[in-house]
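In: Below are the sequence and a predicted model for it; my questions follow.
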Amino acid sequence: MKSSSRKNSHEWEAERLEPPPVPDLSGPWRGTGRFSFSPPTPPLPAMSWNRKHLLDIESLTTDEILTVLDTARAFKAVGERAIKKVPALRGKTVVNLFIEPSTRTRISFQLSEQRLSADIINFTAEASSLKKGETLKDTARNLEALNADFIVIRHSASGAPHFLARVLNASIINAGDGAHEHPTQALLDTFTIREKKGRIAGLNITILGDVLYSRVARSDLWALTKLGAKVTFCGPSTLVPREFEQMGARVTHDVEEAIRDADIINLLRIQHERQRKTMFPSLGEYTSLFGLNKDRLARTKPDALIMHPGPINRGVEIDSEIADCPRSVILEQVTNGLAVRMAVLFLVNGGKGPQEISA
């Protein structure tokens, strides 16, 4: 009796759980050159995004993270054209609801929205009815009553974006909530690492500094470990408690050991505005024990890259000359943030992935 060629349920499940291959980022996004005799690059695989909001990284699947990264790569190619604007959000209204100070993130979102042809409303707490005692819920519902389609929110209270997602019909994008998460920063960090190193899986990534109060550290940890990186947190014991090991990070308070085998060193500033008490004796002592200087850099791998989410405190967590050295990709992070935020806005608007974008 001939055996059936149909797969049983266990075989289908095994195929579904098999991790996707790491994309080859060595060549351009769209095929080969006009006169190249190499075989053409195969079309991008169809990807899908079905979320209305981007609230955090923790809840995203590996495939969803890869969809954002590959869509961002397509938008980066669009950004290199003479005409950088696309009509993806034409007729849509985006409100940038920034209740907490921001420079890079706010401007990056605003420019991303302009590149996608959206109508933009920029909101600042200092010039709003929040100063008169209005609640966040009432402010946001009034903005939605003006037919806002998207609200990009930064707030000092952890969970504020999740709260708005429950009470509004508009799409919510988290631009940083307290010490909880900063999803688009993690996505642009991951995009930059993958672009520079060609992969995420197997890399040793050290995040050095004020981890306890850092939303970037938490979001980076979720994104990088989901893609197969090994993440080490390092800093003073008061700012890097052992509890982070329960989230999947390796914790050490020995800076020399933390950076010795690192492929990426991502530095964090001291979050003075979130600290309720002094966590170390002085900035001078912190710099001496944990700052990245020339002597420490010399003991790292020669191809280790230096990252920082900004704003940089030169002479504290990083020496000025290191921030500007060839191994620093800090400004490339800023550039890549534009493509990543365009990708996020495109996807929460109903886009399915890079296959829908023509460069």
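Out: Alright, I've got the coordinates.

In: what's the domain layout of the protein?
Out: According to automatic domain parsing, the chain comprises the domains 62-182+337-348, 183-335.

In: Mean pLDDT, distance to Asp56 and mean neighbour count for the ones you listed - can I get that in CSV?
Out: Just so you know, the C-beta spots here come from the backbone N, C-alpha and C atoms, and that holds for glycine as well. Converted to CSV, the domains of the chain look like this (pLDDT from 0 to 100; distance: least, C-beta to C-beta, whole Å; neighbours: other C-beta atoms under 10 Å):
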stretch, mean pLDDT, distance to Asp56, mean neighbour count
domain 62-182+337-348, 94, 5, 19
domain 183-335, 93, 6, 19
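
In: how about TSV for those domains, with distance to Ser48 added?
Out: As requested, the domains of the chain are exported to TSV (distance: least, C-beta to C-beta, whole Å):
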stretch	distance to Ser48
domain 62-182+337-348	7
domain 183-335	17
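
In: Indicate which one of these is closest to Gln355.
Out: With respect to Gln355, and counting by C-beta to C-beta, the nearest of the domains of the chain is domain 62-182+337-348 at 8.6 Å.

In: got a list of what the closest residue to Thr287 other than its chain neighbours touches?
Out: If you skip the residues right next to it in sequence, Thr287 has Val316 as its closest partner in space, 5.4 Å away by C-beta to C-beta, 6 or more residues apart in numbering. Contact partners of Val316, counting by C-beta atoms under 8 Å, 6 or more residues apart in numbering, are 269-270, 283, 286-287, 291.

In: what's the helix or strand for the residue lying closest to Arg341 once chain neighbours are set aside?
Out: Nearest residue to Arg341 in three dimensions, chain neighbours excluded: Ser112, at 4.0 Å (C-beta to C-beta, 6+ apart). In this structure, Ser112 sits in helix 104-115 according to DSSP states H and E.

In: In its sheet, which strands sit next to the helix or strand following that helix, and in what direction?
Out: Next helix or strand after helix 104-115 toward the C-terminus (DSSP H and E): strand 119-124. According to DSSP bridges, the neighbouring strands of strand 119-124, each with its direction, are strand 93-98 (parallel).

In: what angle sits between the strand it pairs with and helix 104-115?
Out: Between the axis of strand 93-98 and that of helix 104-115 there is an angle of 170 degrees, by axes from the mean of the first three to the mean of the last three C-alpha atoms, to 10 degrees.

In: Need the contact partners of strand 93-98.
Out: Looking at strand 93-98 with C-beta under 8 Å, 6+ apart, the contacting residues turn out to be 106, 109-110, 113, 118-125, 139-140, 143, 146-155, 170, 175, 345.

In: Recalculate using a threshold of 6 Å.
Out: Where contact means C-beta atoms under 6 Å, 6 or more residues apart in numbering, the residues beyond strand 93-98 that reach it are 106, 109, 113, 118-123, 143, 148-154.

In: try stretch 248-256
Out: Stretch 248-256 has contacts (C-beta under 6 Å, 6+ apart) with 221, 225, 231-234, 237, 240, 242, 244-245, 258, 290.

In: Show me those residues that map onto helices.
Out: Among these, the ones falling in helices (DSSP state H) are 221, 225, 258, 290.
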